[in-house]
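In: From the sequence below, what's the structure:
(one chain, ligands or ions: 1)
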Amino acid sequence: MQDSRTVAARAHFDRWSRTYDTARSSRMMREIQRRALSKLELGPDDILLDVACGTGAAVREAAGSVTRAVGFDVSAGMIEKARTLADGIGNVEFVEGDISGRLPFADGEFTALLCTTAFHHFPSQQEAIADFARVLAPGGRFVIGDGNRANLAVFALDTILRRAQASHVGLRSPRWTAKQLRRAGLRDISVETIWRGFYALTRAEKPVSRRLRLPTPRRRER
Ligand SMILES: C[S@@+](CC[C@H](N)C(=O)[O-])C[C@H]1O[C@@H](n2cnc3c(N)ncnc32)[C@H](O)[C@@H]1O
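Out: Presented below is the predicted three-dimensional model:
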């Protein structure tokens, strides 16, 4: 059964999908998303996954510079809008689904992964990060952006939203996010805070290969 917060998110974003691209608040989110996308430094060999893609703006923007770009979102309305807006672009694809559970993609299928202004809706946040790491290929890059709970004003807002907004699970501090990323095996973690510290963009990479840990040679006993 779907988490009640996800049911609420889906209904909320289905409604919002009709006006999402023109609303003032989403123009601000778009600005952030562009910045996050640029941190992935996409190239022609990349395969991008945008988790909680909304109407697919980042997927369309990336399409010209990558091999393939995929958007994933729980809202049928957002996915429908994304497909309409991307009509005629050959290398993009939109998949409807819930992040709570295993992503419907193979291990290491993507070389770059983006997730902006959506993580606070995910009921199983640690598991989501672990699954992001799973679908990322060795050497792949990952950027997650969301409100920064380490900022006092954002902390206060998050506390209110956790009680008042049916679709809100919780914002996280960059420190918490970095810890989960490290746990999931991602490395080279860096954080940029923007908008006077209200928003944090965290970037990480999946190591190409884990260094072989050879057992320490035992001293010969004489
Ligand atoms: C505020 S919008 C952000 C969209 C886009 N990433 C952006 O930066 O403009 C949040 C998105 O998260 C999606 N979402 C919320 N909960 C989700 C879940 N459990 N699984 C997948 N997507 C989810 C919503 O449908 C919505 O499109």
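
In: mind listing the strands for the protein?
Out: With DSSP state E as the criterion, the chain has strands at 47-51, 68-73, 92-96, 110-116, 136-147, 187-194, 199-205.

In: Just give the strands next to the second one in its sheet, each with its orientation.
Out: Paired neighbours of strand 68-73 in the sheet (DSSP bridges): strand 47-51 (parallel), strand 92-96 (parallel).

In: can you list the strands of the chain in JSON lines and add mean neighbour count?
Out: Any C-beta I mention is one placed from the backbone N, CA and C, and that applies to glycine too. JSON lines is the format used below for the strands of the chain (neighbours: other CB atoms under 10 Å):
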{"stretch": "strand 47-51", "mean neighbour count": "26"}
{"stretch": "strand 68-73", "mean neighbour count": "25"}
{"stretch": "strand 92-96", "mean neighbour count": "19"}
{"stretch": "strand 110-116", "mean neighbour count": "25"}
{"stretch": "strand 136-147", "mean neighbour count": "22"}
{"stretch": "strand 187-194", "mean neighbour count": "14"}
{"stretch": "strand 199-205", "mean neighbour count": "23"}
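
In: Between those, which one is closest to the ligand.
Out: Ranking the strands of the chain by proximity to the ligand (CB to the nearest ligand atom) places strand 110-116 first, at 3.6 Å.

In: The closest one pairs with which strands, parallel or anti?
Out: strand 47-51 (parallel), strand 136-147 (parallel).

In: Any chance of TSV for these, columns distance to residue 156 and mean pLDDT?
Out: TSV is the format used below for the strands paired with strand 110-116 (distance: least, CB to CB, whole Å; pLDDT from 0 to 100):
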stretch	distance to residue 156	mean pLDDT
strand 47-51	27	98
strand 136-147	11	98
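
In: Output the strands paired with strand 68-73 in CSV, with distance to the ligand appended to each entry.
Out: As requested, these are exported to CSV (distance: least, CB to the nearest ligand atom, whole Å):
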stretch, distance to the ligand
strand 47-51, 7
strand 92-96, 9
